[in-house]
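Asks: give me a model of this one.
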Amino acid sequence: PSSLPTTTLATNSCNLTLSALDDVLFVNTVPGATDYRYEVTDGSGFAYVFTRGNSSNQFRMHWVPGISYNTTYSVRVAAFVGGWAGYGSSCSITTPATVPATNLASAYCNITLSAMDQALYAQFVPGASNYRYEITDGGSFS
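Replies: Here you go, the predicted model:
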């Protein structure tokens with residue numbers, strides 16, 4: 001319904017380049033809103049739409065499946081206040097240019113394995129779908 005208030009990303013969260021995919025972006029809150037819906041569109045026209053409940057006015061690009069680095073997206077927001085309002089104006093968000101490096105999570109560094117099949121975990125990289133591990137024995141591993 002057009003009588004419902006529209007909203008957008010907050011001014012300090014709009015038209016910027018992120019330093020990390022998990023940077024927090026804020027939405028201009030709408031009094032009484034119980035949900036916010038996000039439409040994220042890339043340059044090819046692909047749009048991903050999802051809803052965040054609990055009246056949270058925070059958004060992170062790494063919530064978007066298949067998000068890419070070094071890409072500019074258009075983001076629009078709609079609020080639910082007894083019904084869905086239309087989307088507010090769009091904002092451009094550019095993701096970081098490079099994928100951050102990662103290491104083993106600190107709990108798995110400099111340990112002695114308790115079994116050969118013990119799992120080791122890397123630090124989380126937002127947007128990563130695979131991780132590659134390199135194991136050496138200090139120089140002569142072949």
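Asks: pLDDT weak spots in the protein?
Replies: 1-2, 54-55, 138-142 (pLDDT under 70).
Asks: can you rerun that using 80?
Replies: 1-2, 52-56, 100, 124, 126-129, 134-142 (pLDDT under 80).
Asks: measure residue 14 to residue 98 for me?
Replies: 23 Å (Cβ to Cβ, to the nearest Å). Just so you know, the C-beta spots here come from the backbone N, C-alpha and C atoms, and that holds for glycine as well.
Asks: those two: who's more crowded?
Replies: It is residue 14, of residue 14 and residue 98, that has more neighbours when counted by other Cβ atoms under 10 Å, with 17 against 7.
Asks: residue 62: neighbour count?
Replies: 17.
Asks: got a list of what it touches?
Replies: Residue 62 sits next to 21-22, 126-127 when contact means Cβ atoms under 8 Å, 6 or more residues apart in numbering.
Asks: mind running it again at 10 Å?
Replies: Under the criterion of Cβ atoms under 10 Å, 6 or more residues apart in numbering, the neighbours of residue 62 are 18, 20-23, 95, 124-128.
Asks: do residue 102 as well
Replies: Going by Cβ under 10 Å, 6+ apart, residue 102 touches 122-125, 128, 131-132.
Asks: same deal with residue 76?
Replies: Contacts were defined as Cβ under 10 Å, 6+ apart; by that measure residue 76 touches 6-9, 37-41, 47, 49, 86-91.
Asks: before we move on, the earlier item: are any of the contacts of residue 62 buried, and if so which?
Replies: Buried members of these, scored by 16 or more other Cβ atoms under 10 Å, are 18, 21, 23, 95, 125-127.
Asks: now tabulate the residues you listed in CSV and tack on secondary structure and distance to residue 31.
Replies: Converted to CSV, the buried ones among the contacts of residue 62 look like this (DSSP: H, G, I helix; E, B strand; the rest coil; distance: Cβ to Cβ, whole Å):
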residue, secondary structure, distance to residue 31
18, coil, 28
21, coil, 30
23, coil, 26
95, coil, 31
125, coil, 37
126, coil, 31
127, coil, 33
